[in-house]
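# kindly generate the corresponding structure for this input.
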Amino acid sequence: MKTVGKYVYCIMDGGGKSQNFGKIGLENNEVYTIFHRDISAVVSKITFKEMQPDVDSIITHQKVVENSRSIGTTLPVRFGIMFKTDEGVKQLLVKSYNDFRSKMNKLHGKEEFGIKVIIEKEGMEKIKSTIIENSKDVKKMKKEISKSGKGESYFIKMRMDESIKNETLQKINEITSQIHSEIADIVHESAILKSDLQEIVLNTAYLVDKNNITKFNQSIEKIKTRYKKHGLVIHQSGPWAPYSFC
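Residues are numbered from 1 along each chain as shown. Predicted structure coming up:
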């Protein structure tokens with residue numbers, strides 16, 4: 001006989017009565033709320049087992065979170081969290097009430113947006129060419145190579161190639177730091193995230209007041225135009241639930 005548990009999608013603002021969102025949950029189960037005071041956990045029944053983060057399950061989880069966001073301020077819960085009973089979920093709300101309430105107050109009226117700065121091969125070569133053309137150290141080593149014998153010039157070239165690589169990476173870091181600084185100045189809060197691909201040289205999340213979203217979008221468009229000449233592609237996503245700020 002299968003053991004049935006309670007899967008938690010998110011914590012949302014609002015309590016006082018249970019709500020039913022319909023059969024939109026994992027395993028096509030009904031999603032409903034369990035409340036404590038003025039907050040609620042959004043849950044559904046599920047077979048009590050270790051969850052596998054397959055694409056369909058993750059998408060379903062996110063859809064439930066988005067449904068909750070359409071109602072009120074929502075704190076996403078990471079994928080795979082479940083309890084044995086409704087009472088176990090209720091105890092979570094009781095135990096963590098002050099923390100949940102504080103986060104909801106901070107996140108009320110705000111949306112998360114993601115920005116990825118991607119450098120393609122052409123962009124990397126463009127920055128590298130600029131370094132070769134303007135770097136004093138590279139120019140100096142080029143002169144040394146022209147005056148050196150074959151053996152010595154080989155090692156100088158190795159040092160020069162390493163210098164070009166380091167200066168190129170430093171320049172990319174300077175550009176992305178400037179981009180992040182410009183955006184961070186106009187948002188409520190920011191977070192730098194891990195980049196899984198080498199081409200993504202900046203992966204960030206920004207918490208934006210809903211009243212400032214138009215200004216935020218306009219600023220991103222200007223930044224896209226300004227840094228296109230450096231061979232950088234700026235990709236914007238969102239609005240999302242505040243996954244990076246909970």
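# bridged to residue 22, which residues?
Beta bridges link residue 22 to residue 31 when assigned by DSSP bridges.
# now do it against residue 31, distance only.
7 Å (Cβ to Cβ, to the nearest Å). All C-beta spots, glycine's among them, are computed from the backbone N, C-alpha and C.
# just want to know which of the two has more residues nearby.
Remark: of residue 22 and residue 31, residue 31 carries more neighbours, 23 against 9, as counted by other Cβ atoms under 10 Å.
# quick one, grab the pLDDT at the more buried one.
Residue 31 carries a pLDDT value of 97.
# can you check residue 125 too?
You'll see residue 125 listed with a pLDDT of 87.
# quick one: residues contacting it.
Going by Cβ atoms under 8 Å, 6 or more residues apart in numbering, residue 125 touches residue 231.
# and it, helix, strand or coil?
Following DSSP: H, G, I helix; E, B strand; the rest coil, the label given to residue 125 is helix.
# which residue ranges form the helices in the protein?
Per DSSP state H, the chain carries helices over the ranges 55-69, 86-95, 97-107, 121-134, 136-147, 150-184, 213-227.
# give me the helices and strands touching the fifth one, please.
It refers to helix 136-147. Here helix 136-147 touches helix 150-184, going by 3 or more Cβ pairs under 8 Å, 6 or more residues apart in numbering; DSSP states H and E.
# show me where pLDDT drops low in the chain?
Across the chain, the ranges flagged by pLDDT under 70 are 1-2.
# walk me through the domains of it.
The record's domain parsing of the chain by automatic domain parsing lists 4-108, 111-245.
# rewinding a little: and the helices of the chain: which comes nearest residue 8?
Taking Cβ to Cβ, helix 86-95 is the member of the helices of the chain nearest to residue 8, at 6.3 Å.
# what's the offset of the closest one from the middle of its chain?
Chain-centre distance of helix 86-95: 29 Å, with Cα atoms, centre = their mean, to the nearest Å.
# centre-most residue in the chain?
Nearest residue to the geometric centre of the chain (Cα atoms, centre = their mean): residue 205, 4.6 Å.
# quick check: closest non-adjacent residue to it.
Nearest non-adjacent residue to residue 205, counting by Cβ to Cβ, 6 or more residues apart in numbering: residue 244, 3.8 Å away.
# ok, residue 96 to residue 132 distance?
Applying Cβ to Cβ to residue 96 and residue 132 gives a distance of 56 Å.
# hang on, I meant residue 173
Distance from residue 173 to residue 132, by Cβ to Cβ: 18 Å.
# who has more neighbours out of those two?
Set residue 173 next to residue 132 and count neighbours by other Cβ under 10 Å: residue 132 wins out with 16 against 12.
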